[in-house]
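Got a sequence here, can you model it:
(4 chains)
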Number of protein chains: 2
Amino acid sequence: MIKLLLADDQALVRGAMAALLDMEPDIKVVAEVGRGDQVLPAARDHDVDVALLDVEMPGIDGVAAARELHKHLPAVRVLMVTTFGRAGYLRQAMAAGASGFIVKDTPARQLADAVRRVHEGLRVVDPDLAAQSLAQGESPLTEREADVLRAARDGGTVADIARALRLSEGTVRNHLSSAIGKTGARTRAEAVRLALDNGWLLS
Amino acid sequence: MIKLLLADDQALVRGAMAALLDMEPDIKVVAEVGRGDQVLPAARDHDVDVALLDVEMPGIDGVAAARELHKHLPAVRVLMVTTFGRAGYLRQAMAAGASGFIVKDTPARQLADAVRRVHEGLRVVDPDLAAQSLAQGESPLTEREADVLRAARDGGTVADIARALRLSEGTVRNHLSSAIGKTGARTRAEAVRLALDNGWLLS
DNA sequence: TTTGAACCCTGACAGATGTCATGGCGGGGA
DNA sequence: TCCCCGCCATGACATCTGTCAGGGTTCAAA
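Predicted coordinates for the structure are as follows:
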């Protein structure tokens, strides 16, 4: 019997996935959480075998939660699930110790199988996504450039970003310019979107 | 027995919700589709009682699909589901003939109940969302301003927007300026974000 | 030890952006 | 009918952005 932890911020899909997986005779959902920072405590309390983590969650994101699990409870296998096929997420999730990575586009019947494979110690990765990830390579952005793009996400001015990051406006402009160049964008907003789509702005 | 149509672009959550609802003795999922433009044909083919529609879908969005259903198959009750609690969506969904509107944050056990209520002809609306929608009022943006913001969504320049909409650059700047003023933003990007959050940029 | 990469800053400049004043057009509502 | 509002446009203006050329520090690898 595989003891499963389910983490997703949307109660409806969390409950629905629980219903789906509880139909399997060899899987039992022993814990459900809606925040990333509840993953580790819940996994500890319920002696979990496999954790099914969404990437986008309040508290800490799924990748960071996977990192925590891998560090403190290395016996727990992690299967990441995400809405978008952002290839950058895949790389970071694997680096964080995840055993599998699937997108929410995959047919529902394959989910239980993925859980079983991960439990057996196998790796489960969407092949298209893996190819895309390899082709795309790692993030070209330096940490500071990513910081600046993150701060620019909701449309503030250079002055806002500089204040938030305790930098001079000139420095912010330089980082932005560099990030725009590296992403091939023509605008700050476009650079933010591209970096986001590629999964380059995670923690 | 309530015959249900399920429309969501993510196969995994679609399948999971089907599993959840099929556990109910009085509900039967008779059709599943992943695109907005498949909703009407599928509803026709399967003599559906209730349609559970996600707002964000490829093809046409859920609100437009609801409009189609209401026009061609008025007997079908529509229950909208969405990820975000964007109050503007609620107003437009109800105007499109939907009988209910719930967010994916609601507990899974309430879903079947919502389906039953909608089937009985009752209205189902998240109270918080309804209050927010009333407080927020309708979109202050004129159609053209919304067009311009939509075109500005992925970070193009004024010249790009002008080309896409066949307008002069000056006009685009005027509409943008007006939209920025109305939304209380200080930047184009901020205005886009605010309008998006409020659901003012639907079709 | 030298080199390079990442980080921070300054200053200057062209071009893009946001604002404003102004005017013409069409379709309601008073 | 006249007037107001949404729409389109022009031109001018101050400000903001993105780019470039500098020059500084720290740290790790060669």
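
isn't residue A:81 right up against residue B:12?
Yes: between residue A:81 and residue B:12 there is a contact at 7.3 Å, judged by C-beta atoms under 8 Å. In short, each C-beta sits where N, CA and C put it, glycine included.

what touches both of the two?
Taking C-beta atoms under 8 Å, 6 or more residues apart in numbering or on different chains as the contact rule, residue A:81 and residue B:12 both touch A:102-104.

tell me which of these is nearest to DNA strand D?
residue A:103 (31.3 Å; C-beta to the nearest atom of the strand).

per-domain residue ranges of chain A.
What automatic domain parsing lists as the domains of chain A is A:2-136, A:143-197.

which residues of chain A score low on pLDDT?
A:131, A:133-137, A:203 (pLDDT under 70).

Is chain B within reach of the host helix or strand of residue A:32?
Assigned by DSSP states H and E, residue A:32 belongs to strand A:27-33. No: judged by C-beta under 8 Å from any C-beta of the partner chain, strand A:27-33 and chain B are separated, with a smallest distance of 9.5 Å.

Neighbouring strands of that strand in the sheet, and parallel or not?
Paired with strand A:27-33 in the same sheet, following DSSP bridges, are strand A:2-7 (parallel).

how far out from the middle of the chain is whichever helix or strand comes after the partner strand?
Moving toward the C-terminus from strand A:2-7, the next helix or strand (DSSP H and E) is helix A:11-22. In this view, helix A:11-22 has its centroid 19 Å away from the chain centroid, taken as C-alpha atoms, centre = their mean, to the nearest Å.

what does helix A:11-22 contact?
A:4, A:6-8, A:27-29, A:32, A:34, A:52, A:108, A:111-112, A:115, B:12-13, B:15-17, B:19-20, B:23, B:81, B:102-109, B:111.

For the spatially most central residue of chain A, give me its contacts.
Nearest residue to the geometric centre of chain A (C-alpha atoms, centre = their mean): residue A:55, 3.3 Å. Applying C-beta under 8 Å, 6+ apart to residue A:55 gives the contacts A:61-63, A:80-83, A:89, A:93.

before we move on, back to that, got a winner among the shared contacts of residue A:81 and residue B:12 for most neighbours?
Ranked by neighbour count (other C-beta atoms under 10 Å in any protein chain shown), the shared contacts of residue A:81 and residue B:12 have residue A:104 at the top, with 24 neighbours.

and it, what does it touch?
A:81-83, B:10-13.

what sits up against the one helix or strand residue A:94 maps to?
Assigned by DSSP H and E, residue A:94 belongs to helix A:87-95. Identification of contacts with helix A:87-95 by C-beta under 8 Å, 6+ apart yields A:55, A:62-63, A:66, A:78, A:80, A:82, A:101, A:125, A:129-130, A:132-133, A:136, A:138-139, A:198-200, A:202.

how about the CA coordinates for the longest helix seen in chain A, as PDB?
Identified as the longest helix of chain A according to DSSP state H is helix A:169-183. Extracted in PDB, the C-alpha atoms of helix A:169-183 (Å, rounded to 0.1, in the frame of the first residue of the first chain):
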ATOM      1  CA  GLU A 169      18.500  53.300 -10.400                       C
ATOM      2  CA  GLY A 170      21.400  53.100 -12.800                       C
ATOM      3  CA  THR A 171      22.300  49.600 -11.600                       C
ATOM      4  CA  VAL A 172      18.700  48.500 -12.000                       C
ATOM      5  CA  ARG A 173      18.700  49.800 -15.500                       C
ATOM      6  CA  ASN A 174      21.900  48.000 -16.300                       C
ATOM      7  CA  HIS A 175      20.600  44.600 -15.000                       C
ATOM      8  CA  LEU A 176      17.400  45.100 -16.900                       C
ATOM      9  CA  SER A 177      19.200  45.900 -20.000                       C
ATOM     10  CA  SER A 178      21.400  42.900 -19.700                       C
ATOM     11  CA  ALA A 179      18.400  40.700 -19.000                       C
ATOM     12  CA  ILE A 180      16.600  42.100 -22.000                       C
ATOM     13  CA  GLY A 181      19.600  41.300 -24.100                       C
ATOM     14  CA  LYS A 182      20.000  37.700 -22.800                       C
ATOM     15  CA  THR A 183      16.400  36.900 -23.300                       C
END
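
need the next SSE after that helix, C-terminal direction.
Defined by DSSP H and E, the subsequent element after helix A:169-183 is helix A:188-197.

Quickly check: that following helix near DNA strand C or not.
No: shown here: helix A:188-197 not in contact with DNA strand C (C-beta under 7 Å from any atom of the strand), separated by at least 8.9 Å.

How far off centre is that helix?
That offset, for helix A:188-197, works out to 17 Å (C-alpha atoms, centre = their mean).

For residue A:5, give me its contacts.
A:29-33, A:39, A:42-43, A:46, A:48, A:50-52, A:76.

Just the buried ones among those residues, please.
A:29-33, A:39, A:42-43, A:48, A:50-52, A:76 (16 or more other C-beta atoms under 10 Å in any protein chain shown).

All good on my end, thank you.
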